[in-house]
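Participant: could you look at this predicted model? Sequence included:
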Amino acid sequence: MNKTTIALVISSVYCFIATAQNKPYKAAEVYTASQYQYGKIEVRMLAAKGSGIISNFFTFKNGSEKANTFWEEIDIEIFGKDGSNAWQSNSISGQGNLNLTRIEGVHQQSNLADNYNTYSIEWKPSSVTWKVNDVKIREVINGQANDIDDPASLRFNIWNPNIPEWVGSFDNNILPVHMFVNWIKFYDWNGSEFSSTPQWVDNFNSFDTNFWIKANHTFNENQSDFIPPNATVKNGYLVLSITKQNKTGYNGTPPVDINDNEPTLDLNQFSRASAKDIIKIEYNSTQRIATIYGMSDDFKYTIHSLDGKKIITGNGATIKLDTISNGTYILVSDAFSKKFVVN
């Protein structure tokens, strides 16, 4: 992969964040309620394609945009222009939004909007490393990396900057566009190494409102407002969308991550017979329940969408279905695999 790295000092990157305004386009951002100091973060995502669009994951010290706060940020920014075959790594630091130092690397990588890829940021004291599919692409040691040392939130967003020389010209006829996140994993830094297993994982089987916050703001360089309805979870994927003002949200089916570490179901292996004698959907006022009759509490199962994507793993004879949308699914166990309908 080719890489070019540039260093520059700029007077302003973003103006102060403001609450969402009546902009003609709507986009999305989510960020963790907690902040983290150092760690390895892995994300599995599919970028949006289209000129004028970027799909991002980044760390951000909350309040960095304020004049009296030292800005600290590490970015993965995926270009939608030119077929989405390049992405940018950034480290940003400086006082408020004045006199920021922004060190950038632009990296060539094919088909970023056609295939899911695993991106990682390895953030240690005095160093930052960016990887794609476990291949090291760029590393910063000492220098500016020494300045990025405070706790930061972890953020995903998609937006259309009003900077065509950077992201390409934007044509609203491509809307809606979407980026998809399969999972995120966080490995803690213990002072000498990263933990061997993740401290936490989110597979986005649901949207955890105690863990994630949906943004409701904008800034001058953003042609969209970030709004909560454009951040959704569907079939085990986080979906962030850019839409026109009157057509918000996501009603499609996320592309399946066929190269995920979690293999999809071989659809030739399950019975197409009716499952009504095994599964009964019961309803109450607060949630939908699937009861697996004749099974013990240690019954283990997975639930897949019809395209094979695993969306729920669990055990027990009673399954809560309040986190999935209406539709047809496949229940898989060691004893059987059957279709069933949630409605």
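Facilitator: Yep, that arrived. The model shown is predicted, which means the values in this text are computed figures rather than measured ones.

Participant: wait, what's in contact with K136?
Facilitator: T129, W130 (CB atoms under 8 Å, 6 or more residues apart in numbering). Placement of C-beta: from N, CA and C, glycine included.

Participant: can you list the buried residues in the helix or strand it falls within?
Facilitator: Per DSSP states H and E: K136 is located in strand 135-141. Neighbour counts over strand 135-141 (16 or more other CB atoms under 10 Å) mark I137, R138, V140 as buried.

Participant: return the alpha-carbon coordinates of it using CSV.
Facilitator: C-alpha atoms of strand 135-141 as CSV (Å, rounded to 0.1, in the frame of the first residue of the first chain):
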residue,chain,number,x,y,z
VAL,A,135,-1.4,-5.1,8.8
LYS,A,136,0.4,-2.1,10.3
ILE,A,137,-0.1,0.9,8.0
ARG,A,138,1.3,3.8,10.0
GLU,A,139,2.9,4.5,13.4
VAL,A,140,3.7,7.7,15.3
ILE,A,141,6.2,7.5,18.1
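
Participant: off-centre distance for that strand?
Facilitator: Offset of strand 135-141 from its chain centre (CA atoms, centre = their mean, to the nearest Å): 21 Å.

Participant: direction included, what does the next helix or strand after that strand pair up with?
Facilitator: Following strand 135-141 in sequence order, the next helix or strand is strand 153-159 (DSSP H and E). Strands that pair with strand 153-159, judged by DSSP bridges, come out as strand 25-32 (antiparallel), strand 54-60 (antiparallel).

Participant: sorry, back to before: can you list the strands that the strand holding K136 pairs with?
Facilitator: Here, using DSSP bridges, strand 135-141 pairs with strand 127-132 (antiparallel).

Participant: got TSV for the buried residues of strand 135-141, with pLDDT too?
Facilitator: What follows is these, written out as TSV (pLDDT from 0 to 100):
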residue	pLDDT
I137	97
R138	97
V140	96
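
Participant: and those residues, which is closest to L321?
Facilitator: Using CB to CB, I137 is the member of the buried residues of strand 135-141 that lies nearest L321, at 40.6 Å.

Participant: show me where the stretch 201-343 of the chain has its strands.
Facilitator: Using DSSP state E, counting those that start in this stretch, the strands of the stretch 201-343 of the chain run over 212-214, 217-218, 224-226, 231-234, 237-244, 279-283, 288-292, 300-305, 310-315, 318-320, 327-332, 337-342.

Participant: which SSE is the most centrally placed residue in the chain in?
Facilitator: The residue lying closest to the centre of the chain (CA atoms, centre = their mean) is V181, at 3.8 Å. Following DSSP H and E, one finds V181 within strand 177-187.

Participant: and that strand, what does it pack against?
Facilitator: If you count contacts as 3 or more CB pairs under 8 Å, 6 or more residues apart in numbering; DSSP states H and E, strand 177-187 packs onto strand 39-46, strand 153-159, strand 200-202, strand 237-244.

Participant: indicate which one of these is closest to I303.
Facilitator: strand 237-244 (14.8 Å).

Participant: buried residues, that closest one. List them.
Facilitator: If you call a residue buried by 16+ other CB under 10 Å, then strand 237-244 has these buried ones: Y237, L238, V239, L240, S241, I242, T243.

Participant: and stretch 22-39, by the same measure?
Facilitator: Those would be Y25, K26, A27, A28, E29, V30, Y31, T32, Y36, Y38, G39, for stretch 22-39 by 16+ other CB under 10 Å.

Participant: pick out the most distant pair among those residues.
Facilitator: The widest separation within the buried residues of stretch 22-39 (CB to CB) is 35.5 Å, between Y25 and Y38.

Participant: show me the shaky parts of this protein.
Facilitator: 1-20, 96-98, 259-287, 294, 323, 335 (pLDDT under 70).

Participant: near Y116, how many other residues are there?
Facilitator: Neighbouring residues of Y116 were enumerated by other CB atoms under 10 Å; the total is 21.

Participant: cool, the one 4 residues further on as well?
Facilitator: Each residue near S120 was counted by other CB under 10 Å, and the total is 23.

Participant: helix/strand/coil for it?
Facilitator: strand (DSSP: H, G, I helix; E, B strand; the rest coil).

Participant: so what's it up against?
Facilitator: By CB under 8 Å, 6+ apart, the contact list for S120 reads K40, I41, E42, V43, T129, W130, K131, V132, D134.

Participant: what does A215 give?
Facilitator: A28, E29, V30, Y31, N157, F226, I227, P228, A231.

Participant: how about 6 Å then?
Facilitator: E29, F226 (CB atoms under 6 Å, 6 or more residues apart in numbering).
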